[in-house]
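**Q** let's see this in three dimensions:
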Amino acid sequence: MSGMRVRSTAEVTDLAEAYARLGLARTADATTRAAAFRSAVKAAHASGDEARLRLTIAAWRLIQAEPTSAALPLPEPPPARMPPVTITPTQALKGGKVEVRLGARAFQLKIPAGVRTGEHLRLRRAAEDGADLYLPVLIRPADGLTALGDDLYMTAPVNPRLLSDGGRLEVETHAGVRSLWLTPDHPTGRLAIPGLGLPARGGRRQGRLFVTLEPTAEAASPAETMLDRFNRRWTSDRMAA
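**A** Numbering: from 1, shown residues only. Next comes the predicted model:
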């Protein structure tokens with residue numbers, strides 16, 4: 001037939017066919033490709049099929065001639081990890097400003113009240129190219145407080161007699177003295193005070209303050225606590241008069 005090109009039996013023109021003939025994936029590395037070619041050549045020799053051998057060699061030559069641009073691009077390196085902004089639970093409660101150092105440069109960063117560990121704060125135009133940077137927040141324990149999620153944790157001494165008999169306990173918290181009632185033989189040794197955790201922020205709820213009770217004989221007894229409250233009240237009334 002005039003004008004029609006007949007394909008040679010030793011011709012492989014399509015890369016997909018070439019890879020399939022050698023049993024390779026397009027992502028195979030050079031070592032895997034060479035091993036597959038050697039294995040295919042040995043199999044063709046063993047079978048005595050000369051056409052198969054010619055097609056195997058043609059497929060290998062086509063793969064070797066594949067343009068470099070057709071190869072898969074190298075994966076981009078992961079972005080550099082940003083240093084955390086380390087703050088205290090008190091700073092997380094009230095907000096404020098902290099100094100952040102990136103190499104030789106120093107920046108003032110505003111901390112919003114109620115920020116949590118794991119959130120990111122934007123440092124405007126702090127990158128070398130002038131782009132914004134987003135730094136992770138890490139709240140470390142300090143001043144007797146620990147922040148976990150929305151909640152704060154602290155310990156408070158308690159007289160063993162009060163812990164076993166129950167009664168009124170006054171705890172010095174970050175928000176002032178709070179009175180708590182203990183039931184006899186309190187089962188957990190931990191009390192929760194609503195509204196004294198990290199403040200609500202965005203979709204995060206107002207947290208709680210968890211107080212872990214530590215029995216110690218040095219803590220005030222119930223009678224001493226009542227006397228102390230009476231003295232404070234009496235002094236306050238006398239001053240007001």
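
**Q** C-alpha from now on. contacts and neighbour counts both.
**A** Fine.

**Q** need the contact list for the residue nearest to the spatial centre of the chain.
**A** Among the residues of the chain, the one closest to the centroid is Gly118, at 5.7 Å (Cα atoms, centre = their mean). For Gly118, the contact set (Cα atoms under 8 Å, 6 or more residues apart in numbering) comprises Pro136, Val137, Leu138.

**Q** what is the mean pLDDT for the helix or strand where the last one lies?
**A** Using DSSP states H and E, Leu138 sits in strand 133-139. Across strand 133-139, pLDDT averages out at 93.

**Q** ok, back up a step: tell me the secondary structure at the residue nearest to the centre of the chain.
**A** What DSSP: H, G, I helix; E, B strand; the rest coil gives for Gly118 is coil.

**Q** measure the spatially closest residue to His120 that is not a sequence neighbour to Arg201 for me?
**A** Nearest non-adjacent residue to His120, counting by Cα to Cα, 6 or more residues apart in numbering: Pro136, 4.3 Å away. Distance of Pro136 to Arg201, computed by Cα to Cα, to the nearest Å: 16 Å.

**Q** neighbour count for the two, which is higher?
**A** Pro136 (18 against 14; other Cα atoms under 10 Å).

**Q** so the more buried one makes contact with Met82?
**A** Yes. Judged on Cα atoms under 8 Å, Pro136 makes contact with Met82 at a distance of 7.2 Å.

**Q** count of neighbours near the closest residue to Leu123 other than its chain neighbours?
**A** Nearest non-adjacent residue to Leu123, counting by Cα to Cα, 6+ apart: Leu133, 5.1 Å away. Here the count is done by other Cα under 10 Å, and Leu133 has 16 residues near it.

**Q** residue contacts, Leu133?
**A** Applying Cα under 8 Å, 6+ apart, we find Leu133 in contact with Arg122, Leu123, Arg124, Arg125, Ala126, Ala127.

**Q** between all of the residues you listed, which two are separated the most?
**A** For the contacts of Leu133, the farthest-apart pair by Cα to Cα is Arg122 and Ala127; their separation is 11.1 Å.

**Q** distance of Gly189 from Glu99?
**A** Counting by Cα to Cα, the gap between Gly189 and Glu99 amounts to 39 Å.

**Q** all strands of the protein, in order?
**A** All strands of the chain, identified by DSSP state E, fall at 85-87, 96-102, 105-111, 120-123, 133-139, 146-148, 151-158, 167-173, 176-182, 190-194, 208-215.

**Q** what pLDDT, on average, does stretch 202-210 get?
**A** Here stretch 202-210 scores 93 as its mean pLDDT.

**Q** I meant to write stretch 215-223 there.
**A** Here stretch 215-223 scores 65 as its mean pLDDT.

**Q** give me the number of residues near Arg205?
**A** By other Cα under 10 Å, 15 other residues sit near Arg205.

**Q** isn't it up against Asp151?
**A** No. Arg205 is beyond contact range of Asp151, at 9.6 Å (criterion: Cα under 8 Å).

**Q** can you give me the helices in this protein?
**A** Taking DSSP state H to define them, one finds helices in the chain at 15-21, 30-47, 50-64, 89-94, 160-165, 222-240.
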